[in-house]
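Colleague: I would like to see how this sequence folds:
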Amino acid sequence: MKIIPIALALACAAPALAQDHDHAAMMAMKPQAMAMEPHAMAMTGAFGPYKMTREASGTSWQPEATPMDGIHNMDGDWMTMWHGNVTAVYDHQGGPRGGKRSFAESMLMFMAQRPVGDGTLGLHAMASLDPAMGKAGYPLLFQTGETADGQHALVDRQHPHDLLMELSASYSRKLGADSSAFVYAGLPGEPALGPTAYMHRASGMDNPEAPLTHHWLDSTHVAFGVVTAGYVWRDLKLEASVFNGREPDQYRWNMEVRKLDSASARLSWNPTPEWALQVSHGRLDSPEALEPEMSVRRTTASASYQHAIGGRPMQTTLAWGRNKRDPGEATDGYLLESALHADRATSLFARFERVANDELFPHDSPLHGQAFGVRKLSVGLARDLFSAGQVTFSAGALASKYWKPAALDAFYGTSPSSFMVFFRAKLAPPASRP
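Modeller: Residues are numbered from 1 along each chain as shown. Just a heads-up that it's a prediction; the model follows:
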C-alpha cells in the first residue's frame, strides 16, 4: 500500500521535528493533554491579546478551552509548532454508485510566531501528500465539488487536497490592553468565511472522511490568494477578506496564482472559554471551473462547544451553510458533530448531516440541477495503539448510513451505507489525556 512508505517517513522525521509550536487553532487537534512548558502556555495568540488556544485554521477561532496537540518549542523569541499525520484508509461505499479503494490522506503543519515591536509576526504553512492518491480522490457517496480532469465534475467522490494548503504570514498590532488589529495574507490561505475547517475541528478531526457539508461551510479553506484584515476587542473579532473564489483545479501538485475577485466578512464571538460562535457571508466569483459564469453567495453560522462528559473532554459543533447561486437557487447544508475522548486512548465520534444537493447528475441528465435532500449519519471510534518517539500510532473504524428520496433508488439503491477502516500515524508527544 502506498501509505506505508509515507508513514515510515513521518516516523523517521519525527525526532528532527521535535520542535514546538502553538497555533492552538491551526489545529483544533484531537483534544489531548499536552506536555507544554509554562512559558508557552502564557503566550498570546497571533492575532490578539488572548490565549493562543483560541486560534484555529486560517484566522478562525475555536473554543479557548480546546486542549492542544502538537510538538512545541521555544527558541529565543520564536515559538514554533509542528503537527502532522498520515492516515491509511480502506474505503467501502455501497450501492450502484459506490466503490472500494485503499488510499492515504496526510497533512503536515508548521507555525511560528514572535513579538515584533508592539505586535506579533506569525508564519503558517501546511502541506499534504493527498495528490498522490490521484486526481479523482476517493469514493464518498453523495459528495460533490471540483473536478478530476477539467471537463467532468466529481460526483460521489471526495477530491484530494493540494500539495500546498496554506502558506501565509500575519502581523497583529496591540491597540490597547484588550484590543488589536491584524492583517493576514496567504498564497494559498483561508479567508474569513465559515467555521474552522473540518480537519482542524476537535469535534471532527478523528473522522477520516470529509463532511458532505464541506462545500456549504468551509471549502474555501484552500484559496489561492487571500488578504484579510481584522479587529479584535476582548471576545469579539470582526474581519473581512478579499480572495480568489475559484476552487483548486485538477493539478494538485502546483501553486496557482489568480486575481482577488471575491470578498467575505465574519463576526466571531467567544463569550466564554467553552464557546466559539461565528456568522459569515461571502461572494465567491466563478467558484466552479465548469460553470465559470456562475457566482455563489455563501452564508454560514456555527457554534462549537468544548465540554466534558464524566470528566472526559468532548467538543460539539453545530453549523449551517447556504449557497445562493447567481443564476440559480439557494441550497442549505446542516452539520452536527461531536467527539468524546472516552478514556486516555479511545475517541468516539459521530456526525449527522443534511444537504440539499443539486449536483448529483451531469448536464445531459434530465435530473441535472434538481436538488435532492440527503441525510447521513456516521459513527466511529479511534484508539491509540502505541507511541514511538514523537509519533503516536492509532487505528479506527467508522460506519455511515444514508437516507435519500425514493427517486434516487435506481442510482443509489434503496438503503445505501458505507464503512471505513483506518490506521493513523500522528506527530504528537506521548502525552496522556486528562
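Colleague: Okay, and the beta partners of the closest residue to residue 213 other than its chain neighbours?
Modeller: With sequence-adjacent residues excluded and distances taken as Cβ to Cβ, 6 or more residues apart in numbering, residue 213 is closest to residue 333, at 3.9 Å. All C-beta atoms are positioned from the backbone trio N, CA, C, and that covers glycine. Per DSSP bridges, the residues bridged to residue 333 are residue 321, residue 355.
Colleague: again with residue 301
Modeller: When assigned by DSSP bridges, residue 301 has beta-bridge partners residue 279, residue 320.
Colleague: Compute the number of surrounding residues for it.
Modeller: 18 (other Cβ atoms under 10 Å).
Colleague: any idea which element the residue nearest to residue 133 when sequence neighbours are not counted lies in?
Modeller: Counting by Cβ to Cβ, 6+ apart, residue 103 is the residue found nearest to residue 133 once chain neighbours are left out, at 4.4 Å. Element membership for residue 103, per DSSP states H and E: strand 99-116.
Colleague: Quick one: mean pLDDT for that strand?
Modeller: Per-residue pLDDT over strand 99-116 has a mean of 96.
Colleague: So the closest residue to residue 226 other than its chain neighbours versus residue 160, what's the distance?
Modeller: Spatial nearest neighbour of residue 226, chain neighbours left out: residue 189 (3.5 Å); criterion: Cβ to Cβ, 6+ apart. Distance of residue 189 to residue 160, given as Cβ to Cβ, to the nearest Å: 19 Å.
Colleague: For these two, indicate the residue with more neighbours.
Modeller: Using other Cβ under 10 Å as the criterion, residue 189 and residue 160 rank with residue 189 on top: 29 against 25.
Colleague: got the contact list for the more buried one?
Modeller: By Cβ atoms under 8 Å, 6 or more residues apart in numbering, residue 189 lies in contact with 58, 166, 167, 168, 223, 225, 226, 228, 243.
Colleague: So the nearest residue to residue 199 once chain neighbours are set aside, which state does it fall into?
Modeller: Spatially, and ignoring its direct neighbours in sequence, residue 199 is nearest to residue 205 (5.8 Å; Cβ to Cβ, 6+ apart). Taken by DSSP: H, G, I helix; E, B strand; the rest coil, the conformation at residue 205 corresponds to coil.
Colleague: Repeat that for the one 10 residues further on.
Modeller: Taking three-state DSSP as the rule, one finds residue 215 in the helix state.
Colleague: residues in contact with it?
Modeller: 144, 145, 323, 333.
Colleague: let's go with 10 Å and repeat that
Modeller: Counting by Cβ atoms under 10 Å, 6 or more residues apart in numbering, residue 215 makes contact with 143-146, 159, 247, 287-288, 296, 298, 321, 323, 331, 333, 355, 357, 359.
Colleague: Strands of the stretch 151-300 of the chain, start to end?
Modeller: Using DSSP state E, counting those that start in this stretch, the strands of the stretch 151-300 of the chain run over 153-158, 164-176, 179-186, 226-233, 236-243, 262-269, 275-284, 295-309.
Colleague: got the CA coordinates for the longest one in PDB?
Modeller: Spelled out, that is strand 295-309. Extracted as PDB, the C-alpha positions of strand 295-309 are listed here (Å, rounded to 0.1, in the frame of the first residue of the first chain):
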ATOM      1  CA  SER A 295     -21.200  33.100  -8.800                       C
ATOM      2  CA  VAL A 296     -22.200  32.000  -5.300                       C
ATOM      3  CA  ARG A 297     -23.300  33.900  -2.200                       C
ATOM      4  CA  ARG A 298     -22.400  31.800   0.800                       C
ATOM      5  CA  THR A 299     -23.800  32.400   4.300                       C
ATOM      6  CA  THR A 300     -22.700  30.400   7.400                       C
ATOM      7  CA  ALA A 301     -23.300  30.300  11.100                       C
ATOM      8  CA  SER A 302     -21.800  27.900  13.600                       C
ATOM      9  CA  ALA A 303     -21.300  27.200  17.300                       C
ATOM     10  CA  SER A 304     -18.600  25.000  18.800                       C
ATOM     11  CA  TYR A 305     -18.800  23.900  22.500                       C
ATOM     12  CA  GLN A 306     -15.900  22.400  24.400                       C
ATOM     13  CA  HIS A 307     -17.300  20.500  27.300                       C
ATOM     14  CA  ALA A 308     -17.000  17.200  29.200                       C
ATOM     15  CA  ILE A 309     -19.000  14.100  30.000                       C
END
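Colleague: Distance-wise, check the residue in the chain sticking out farthest from the centre relative to residue 353.
Modeller: What lies farthest from the middle of the chain is residue 366; by Cα atoms, centre = their mean that is 34.1 Å. As judged by Cβ to Cβ, residue 366 and residue 353 stand 27 Å apart.
Colleague: Got the phi and psi for residue 133?
Modeller: As for residue 133, its main-chain torsions (degrees, to the nearest 10) stand at phi -80, psi -10.
Colleague: hang on, isn't it packed against residue 105?
Modeller: Yes - applying Cβ atoms under 10 Å, one finds residue 133 in contact with residue 105, separated by 7.1 Å.
Colleague: what touches both of these two?
Modeller: Shared contacts of residue 133 and residue 105 (Cβ under 10 Å, 6+ apart): 3, 89, 158, 160, 161.
Colleague: how about the residues you listed, which pair is most distant?
Modeller: Largest separation among the shared contacts of residue 133 and residue 105 by Cβ to Cβ: 3 and 158, giving 16.4 Å.
Colleague: which residues in the protein form helices?
Modeller: In the chain, the segments counted as helices under DSSP state H are 3-13, 38-41, 214-217, 409-412.
Colleague: Give the burial count for the closest residue to residue 204 other than its chain neighbours, as a bare number.
Modeller: Excluding the flanking residues, the one nearest residue 204 by Cβ to Cβ, 6+ apart is residue 337, at 4.8 Å. The number of residues packed around residue 337, counting by other Cβ under 10 Å, is 23.
Colleague: Pick out the shakiest of the helices of the chain, pLDDT-wise.
Modeller: In terms of average pLDDT, helix 3-13 trails the rest of the helices of the chain, at a mean of 37.
Colleague: Just to check, residue 295 is in contact with residue 286?
Modeller: Yes - if you go by Cβ under 10 Å, residue 295 and residue 286 touch, sitting 6.4 Å apart.
Colleague: Residues in contact with both of these two, list them for me.
Modeller: Joint contacts of residue 295 and residue 286 (Cβ under 10 Å, 6+ apart) are 245, 261, 262.
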